[in-house]
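Asks: Here is my input, please return the structure:
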Amino acid sequence: MLGRIFRFLWAGVDGFRKVVHLFLMIAVFAALLAALGSGSAPARVTDGSVLLLNPSGALVHELQGSELDIELQRMSDEAAPETLVRDVVRALRHAAEDERIVAVRLDTEGLAGGGLTKLQDIAAAMREFRESGKPIISYSRFYSQTDYFLAAQSDEVHLHDMGGVDISGLGRWRLYFAEALRKLDIDAHVFRVGEYKSFVEPYFRDSMSAEDRESAEQWLGALWNEYQREVTEARGLEPDALDRYAESLTEALEAVEGDLAKVNLEAGLVDFIQNDEKFSAHMEERFGDEENGDYNRVSFADYLVTADRENPPYKDDENNVAVVTVAGAITDGSAPPGAAAGDSIAKLVRHAAEEDDIKALVLQVDSPGGSAFASEVISAAVSTVSQAGKPVVVSMSSVAASGGYYISAEADEIWAYPGTITGSIGVGTVLFTAPRLLDRLGLSEDGIGTTPLSEHTLVDRDLPDGARRQVDSLIGRIYDRFVGHVSKGRGLSFEEVDAIGRGRVWIGSDAASHSLVDQIGTVEDAIASAAALAGLEEGKHGTLRLKRKRPFFSGFAGLVQIRWAQIRHRLGFRPEPDRFMETVQQARQVINAELDRLARFNDPRGYYYLCGACSAY
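Replies: Alright, predicted model coming up:
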């Protein structure tokens, strides 16, 4: 008996020893990996360096994917699919104060868009940089309309002699499926509240409704005026120069035998027409080393690593403004960064309510809405911040409409850009049945249910009248809840909100005049306002961007993979490119993107606060 007790005690001690030993090994291994692969190698920034401003992919406020995915992408030779707006802005501000940086070379050929307000943030930082007396020089083989908005802020705009500038204005076009559904014998049962709630129109119409056209003409026209104003002011052109350029382009091309670059030069859109070699010679002549003629270029992403180490942002252990980003369609459940999953966002918001060092919250919204249920989950979490006595300020980016507006409505302040797309206070859903199609195909469905409700979701028969009445009742209540929510948050009557609601889209400047928005300004203005509302001294508070965390063991495994990849990258180990697998990967990405789009429609009840027009822009 005594021997058994000693064996039992020894087994416990030995087990405890092994556990401690395991954790010590993990700690030592993690420290070794951190020491060998920590961070990125600092960029070589010498006197006379030129900052290469080469954003790639879409401009965003939050990168999609895990830390491992982002780090592996950064170390690959492929262009990043996304660029953080604040990274570009910070790099320009650092460079303006850095005597080693003598100029900026803008390269937009990898840029894929991202919304007018994001372009405006970068354009403003470019103008700040020019105030330092240093030039910005842009060169491209071809400027898209997005590219050109940034290029227009440069001191010099260079264009390839076989290239051109695409200025075609803004538009919103989409397919309508009503006739196709009729020919396929598929019945679309559309339910909506709000004659301007247009995301359901393609399922029961073959063309744009008068209400949708009226709304689109207003907000698209306002956005185009914003674009044209900033470009013409930057280039010193007449206010309507871009309108006149688009109207006369055909005749102008015919007059110069199709030489688009020459038309762009004569219109004042560009300053120089060159090819790659001549532009390189131009840069080497201006900024090259006297000995070999070459000039030192440093990409803004690499430069930012060095600049942030040399001039770290202000930190405060006690007084912080937290920023939570809500980007993309709002969906139910949880998801990695870059997706506006209701439970994931709500968890971050509640963290801001609970932490003592966080004194205020800024909700940065860049979403056309989505799941009505998930929008309610996020909104309820936002209310916990207010209940904790902390101010909540919303900063609307390119889009903050429908569900994006719902989660913003009860904030203490709402800030928007003049060109923010917002409003779209309405609700809609679509149900499909196909009895004639199934009959034509020889398919039938049979079974038994315990109540009449069990037949309401069958696609082989017409939608029962009871089901129609139920959906009408439910969707009416959801709309009333939306309007009442906005009424309470904005201090407006139900009738006032309903009058500017009905699914209608507004841009920021018009929304302000209808009391849907309090102030026009940037996310930095919103952060400063949140700090002031919390009683924090200007410039004496930190800004914390709250990020989603992974469980310990999956996070540790990801850290090991990241550090190992960094070590291999520093030692020069890179996989040989496999063109076939690259093609397969590209196809996989296209398919996954479409599946992701469909997966966003996951509201548990099937009802959506969604602005379909917003995602089209």
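Asks: OK, contacts around the residue nearest to Pro391 when sequence neighbours are not counted?
Replies: Closest residue to Pro391 apart from its sequence neighbours, by C-beta to C-beta, 6 or more residues apart in numbering: Leu533 at 3.8 Å. No exception for glycine: its C-beta is placed from N, CA and C like everyone else's. By C-beta atoms under 8 Å, 6 or more residues apart in numbering, Leu533 lies in contact with 360, 391, 393, 412-413.
Asks: Show me what the nearest residue to Glu355 once chain neighbours are set aside is bridged to.
Replies: Distances taken as C-beta to C-beta, 6+ apart put Ala322 closest to Glu355, at 7.8 Å, once the chain neighbours are dropped. Here Ala322 shows beta-bridge partners Leu361, Leu544, assigned using DSSP bridges.
Asks: most surrounded residue in the contacts of Leu533?
Replies: Neighbour counts for the contacts of Leu533, by other C-beta atoms under 10 Å, peak at Val393, which reaches 30 neighbours.
Asks: tell me the average confidence for the helix or strand hosting Phe279?
Replies: Following DSSP states H and E, the helix or strand that holds Phe279 is helix 276-287. Across helix 276-287, the average pLDDT comes to 94.
Asks: list the helices and strands the helix or strand where Gly484 lies packs on?
Replies: Per DSSP H and E: Gly484 is located in helix 465-490. Under the contact criterion of 3 or more C-beta pairs under 8 Å, 6 or more residues apart in numbering; DSSP states H and E, helix 465-490 touches strand 187-193, helix 372-387, helix 403-406, strand 427-433, helix 494-500.
Asks: Quick one: closest of those to Glu214.
Replies: Using C-beta to C-beta as the measure, helix 494-500 is the one of the helices and strands packed on helix 465-490 that comes nearest Glu214, at 13.9 Å.
Asks: Stretch 218-230: which residues count as buried?
Replies: When burial is assessed from 16 or more other C-beta atoms under 10 Å, stretch 218-230 yields the following buried residues: 219-220, 222-228, 230.
Asks: Give the buried residues for stretch 176-191.
Replies: When neighbours are counted by 16+ other C-beta under 10 Å, the buried residues of stretch 176-191 are found to be 177-178, 181, 186-191.
Asks: whoops, I mixed them up, stretch 513-522
Replies: For stretch 513-522, burial by neighbour count (16+ other C-beta under 10 Å) applies to 514, 516-518, 521-522.
Asks: just the residues you listed now: which is nearest Lys315?
Replies: Lowest distance from Lys315 to the buried residues of stretch 513-522 (C-beta to C-beta) belongs to Thr522, with 21.8 Å.
Asks: roughly how far apart are Arg127 and Ile136?
Replies: 9 Å (C-beta to C-beta, to the nearest Å).
Asks: so what sits against both of the two?
Replies: Taking C-beta under 8 Å, 6+ apart as the contact criterion, the common neighbours of Arg127 and Ile136 are Gln153.
Asks: more neighbours, these two?
Replies: Set Arg127 next to Ile136 and count neighbours by other C-beta under 10 Å: Ile136 wins out with 22 against 14.
Asks: Quick one: the buried residues of stretch 176-191 as CSV, columns for distance to Phe279 too.
Replies: Rendered in CSV, the data for the buried residues of stretch 176-191 read as follows (distance: C-beta to C-beta, whole Å):
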residue, distance to Phe279
Phe177, 47
Ala178, 51
Leu181, 52
Ile186, 55
Asp187, 59
Ala188, 54
His189, 58
Val190, 54
Phe191, 57
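Asks: Put together a markdown table for these, with distance to Leu116 and pLDDT on each row.
Replies: Conversion of those to a markdown table gives the following (distance: C-beta to C-beta, whole Å; pLDDT from 0 to 100):
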| residue | distance to Leu116 | pLDDT |
| --- | --- | --- |
| Phe177 | 29 | 93 |
| Ala178 | 31 | 95 |
| Leu181 | 34 | 95 |
| Ile186 | 37 | 95 |
| Asp187 | 39 | 95 |
| Ala188 | 33 | 95 |
| His189 | 36 | 94 |
| Val190 | 31 | 94 |
| Phe191 | 32 | 93 |
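Asks: Quickly run through the sheet partners of the helix or strand following the helix holding Phe279, with directions.
Replies: Toward the C-terminus, helix 276-287 is succeeded by strand 297-299 as the next helix or strand (DSSP H and E). Sheet partners assigned to strand 297-299 using DSSP bridges are listed as strand 49-53 (parallel).
Asks: Convert the strand or helix carrying Val88 to CSV, retaining C-alpha atoms only.
Replies: When secondary structure is defined by DSSP H and E, Val88 falls within helix 85-97. Listed next in CSV are the C-alpha coordinates belonging to helix 85-97 (Å, rounded to 0.1, in the frame of the first residue of the first chain):
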residue,chain,number,x,y,z
VAL,A,85,-4.0,53.6,-46.1
ARG,A,86,-2.5,54.7,-42.8
ASP,A,87,0.9,53.0,-43.8
VAL,A,88,1.1,55.2,-46.9
VAL,A,89,0.1,58.3,-44.9
ARG,A,90,2.7,57.6,-42.1
ALA,A,91,5.5,56.9,-44.6
LEU,A,92,4.8,60.3,-46.3
ARG,A,93,4.8,62.1,-43.0
HIS,A,94,8.0,60.5,-41.9
ALA,A,95,9.6,61.3,-45.2
ALA,A,96,8.6,64.9,-45.0
GLU,A,97,10.7,65.3,-41.9
